[in-house]
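A.B. asks: Below: sequence and its predicted model.
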Amino acid sequence: MDKILSYIDSNIGSFTEQLKDFLRIPSISTNPDNRGDVRKCAQYVEERMKEVGLENVMIFDTPLHPIVFGEWLHAGGDKPTILIYGHYDVQPVDPIDLWTDPPFEPVIKDGKIFARGAVDDKGQVFLQLKSIEAHMKNNGALPVNVKFIVEGEEEIGSVNLEKFIIDHKDLLKCDYVVVSDTSMFGKGIPSICYGLRGLAYMQINVTGPNRDLHSGSYGGGVDNPINALAHIISKLKDDKGKILIDGFYDDVIDMTSEERDEYSKLPFDEIKYKEGLDIDEVFGEEGYSTLERVSARPTLDCNGIWGGFSGEGAKTVLPSKAGAKVSMRLVPNQHPEKIEKLFEKYVMKIAPKSVKVEVKSLHGGMGALTPLDSPAMKAAVSAMEMAYGARPLFTREGGSIPVVNVFQTILNAPTILLGFGLPDENPHSPDEHFDLENFHKGIKTCAHYLNELSKINMKNNGKN
């Protein structure tokens with residue numbers, strides 16, 4: 001490993017310059033005007049895969065944006081096969097006037113590289129590629145079998161990825177999946193995310209009279225859809241943060257004592273948390289810490305609400321329609337389809353009979369959990385400790401990466417979330433950036449990780 005680490009140190013400047021080229025490509029997957037740029041970015045990834053020594057590099061077309069694949073499979077059958085996943089598409093840049101510098105002209109300031117996609121996810125894809133290069137340039141081989149897949153639709157829900165995985169199950173067959181698209185707990189605090197929440201996203205439509213009515217003429221005689229909607233929303237949770245939907249918690253697996261002990265080691269400052277949000281008190285489910293509530297417990301939140309008149313001045317209208325969007329973050333073992341049905345049944349039960357109510361499911365996804373004692377997780381802990389000089393802490397992510405569950409169900413492969421971003425790097429906002437120290441140490445971590453994984457003997461049931 002000494003030669004490999006020395007190579008990374010000696011070439012980190014050129015790696016950073018190459019990353020700039022990657023970041024200059026405006027691969028915005030949501031914008032039809034950027035479709036050519038997205039393909040250009042796929043071709044850039046294809047070239048880099050070949051350059052670092054991957055074989056059988058291919059671009060697969062989908063109904064929308066391409067998927068890029070490469071592999072190196074010469075380590076032998078007793079060595080693990082890992083599938084590295086990432087995405088090369090990026091979020092839109094609006095509002096453009098809030099960027100300090102143009103979003104596709106990378107700038108380095110204060111040890112950070114600023115550009116759209118810097119941390120989400122081009123920078124993290126690139127450091128994985130460079131860890132492969134470091135092994136290939138110095139040893140002419142990799143210590144494990146590697147497959148690499150980089151898609152161009154993550155920012156629009158990976159709409160074609162699940163079908164691709166199903167159709168190419170044999171091509172993608174692996175023992176473990178590695179995803180670098182998450183964050184560490186904080187600057188100088190190495191940590192590994194071992195769990196993600198799922199999602200059930202719903203819409204409630206409430207309809208009253210067949211037209212908007214004068215509130216003076218009809219108020220008191222006709223139910224107001226906004227009032228009815230407010231009644232429904234107020235019955236979804238109690239004043240202690242507990243979700244009141246019948247059966248909602250039936251499949252929830254609580255955190256183990258080991259997990260809660262790991263959480264207690266995280267240096268979370270609740271006073272600074274409140275100050276940063278300009279709030280006087282935190283709020284959430286009774287019996288759990290703030291960190292546990294925002295990442296390891298299920299939630300229910302109203303994300304949007306509409307109805308009636310909201311312009312300047314006064315308009316005494318009793319509206320015909322009102323609506324709301326409601327998201328429920330789910331913990332592993334909660335199935336979105338079941339939660340959607342429970343939500344609809346409960347809303348219809350508590351809805352006033354004086355209005356018509358429709359409940360629609362908009363989007364859903366399963367959560368995921370990787371056991372802390374799995375061989376691949378132990379290898380990740382060792383690799384990060386070697387690169388950062390400190391044992392990483394464990395945390396869960398409050399958000400969702402639905403493809404993780406797809407990998408685990410279709411490929412039957414545990415997923416390790418080996419991310420190097422920081423929580424304040426603005427991944428979907430203006431002035432997105434990536435800490436270059438984490439870029440550097442991330443390459444070293446991934447290089448160590450390949451080596452640590454090679455100690456797992458697959459002929460011995462995947463044990464070290």
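C.D. replies: Cool, the structure landed.

A.B. asks: buried ones in stretch 382-390?
C.D. replies: By neighbour count on 16 or more other CB atoms under 10 Å, the buried set for stretch 382-390 is 382-384, 386-388. For the C-beta atoms, the positions are set from N, CA and C on the backbone; glycine is no exception.

A.B. asks: Sort out which of those are in helices and list them.
C.D. replies: 382-384, 386-388 (DSSP state H).

A.B. asks: Out of those, which is nearest to residue 328?
C.D. replies: residue 384 (32.1 Å; CB to CB).

A.B. asks: now the closest one, nearest residue through space, not along the chain?
C.D. replies: residue 392 (4.4 Å; CB to CB, 6 or more residues apart in numbering).

A.B. asks: can you map out the strands along the stretch 251-400 of the chain?
C.D. replies: Along the stretch 251-400 of the chain, the stretches classed as strands by DSSP state E, counting those that start in this stretch are 301-307, 317-318, 321-330, 356-365, 368-369, 393-397.

A.B. asks: now these as CSV including distance to residue 413, mean neighbour count and mean pLDDT?
C.D. replies: Converted to CSV, the strands of the stretch 251-400 of the chain look like this (distance: least, CB to CB, whole Å; neighbours: other CB atoms under 10 Å; pLDDT from 0 to 100):
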stretch, distance to residue 413, mean neighbour count, mean pLDDT
strand 301-307, 32, 14, 97
strand 317-318, 56, 20, 94
strand 321-330, 21, 21, 97
strand 356-365, 18, 16, 94
strand 368-369, 11, 24, 90
strand 393-397, 19, 23, 93
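
A.B. asks: With distance to residue 437 added, can I get these in JSON lines?
C.D. replies: Formatted as JSON lines, the strands of the stretch 251-400 of the chain follow (distance: least, CB to CB, whole Å):
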{"stretch": "strand 301-307", "distance to residue 437": "34"}
{"stretch": "strand 317-318", "distance to residue 437": "56"}
{"stretch": "strand 321-330", "distance to residue 437": "31"}
{"stretch": "strand 356-365", "distance to residue 437": "32"}
{"stretch": "strand 368-369", "distance to residue 437": "28"}
{"stretch": "strand 393-397", "distance to residue 437": "18"}
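
A.B. asks: Which of the ones you listed sits closest to residue 261?
C.D. replies: strand 393-397 (9.7 Å).

A.B. asks: what's next to whichever helix or strand comes after that closest one, contact-wise?
C.D. replies: Sequence order places helix 402-410 as the next helix or strand after strand 393-397, per DSSP states H and E. The contact list for helix 402-410 (CB atoms under 8 Å, 6 or more residues apart in numbering) reads 83, 85, 154, 157-158, 161-162, 165-166, 169, 177, 179, 196, 198-199, 365-368, 413-415, 417.

A.B. asks: Among those residues, which lie within strands?
C.D. replies: 83, 85, 177, 179, 196, 198-199, 365, 368, 415, 417 (DSSP state E).

A.B. asks: mind checking how far stretch 88-107 is from the chain centre?
C.D. replies: 20 Å (CA atoms, centre = their mean, to the nearest Å).

A.B. asks: CA atoms only: put it into PDB for me.
C.D. replies: The C-alpha trace of stretch 88-107 is given here as PDB (Å, rounded to 0.1, in the frame of the first residue of the first chain):
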ATOM      1  CA  TYR A  88     -22.900  11.700 -13.200                       C
ATOM      2  CA  ASP A  89     -26.000  13.700 -13.600                       C
ATOM      3  CA  VAL A  90     -26.500  16.900 -11.500                       C
ATOM      4  CA  GLN A  91     -29.300  19.100 -10.200                       C
ATOM      5  CA  PRO A  92     -30.500  22.200 -12.000                       C
ATOM      6  CA  VAL A  93     -28.600  25.400 -10.900                       C
ATOM      7  CA  ASP A  94     -31.600  27.700 -10.200                       C
ATOM      8  CA  PRO A  95     -31.600  30.300  -8.700                       C
ATOM      9  CA  ILE A  96     -28.500  31.200 -10.700                       C
ATOM     10  CA  ASP A  97     -28.200  34.700  -9.200                       C
ATOM     11  CA  LEU A  98     -27.400  33.100  -5.800                       C
ATOM     12  CA  TRP A  99     -24.200  31.500  -7.100                       C
ATOM     13  CA  THR A 100     -21.000  33.300  -6.200                       C
ATOM     14  CA  ASP A 101     -19.300  31.900  -9.300                       C
ATOM     15  CA  PRO A 102     -20.700  30.300 -12.500                       C
ATOM     16  CA  PRO A 103     -21.800  26.800 -11.500                       C
ATOM     17  CA  PHE A 104     -20.000  25.000 -14.300                       C
ATOM     18  CA  GLU A 105     -16.800  26.900 -14.000                       C
ATOM     19  CA  PRO A 106     -15.100  25.100 -11.000                       C
ATOM     20  CA  VAL A 107     -13.300  27.400  -8.500                       C
END
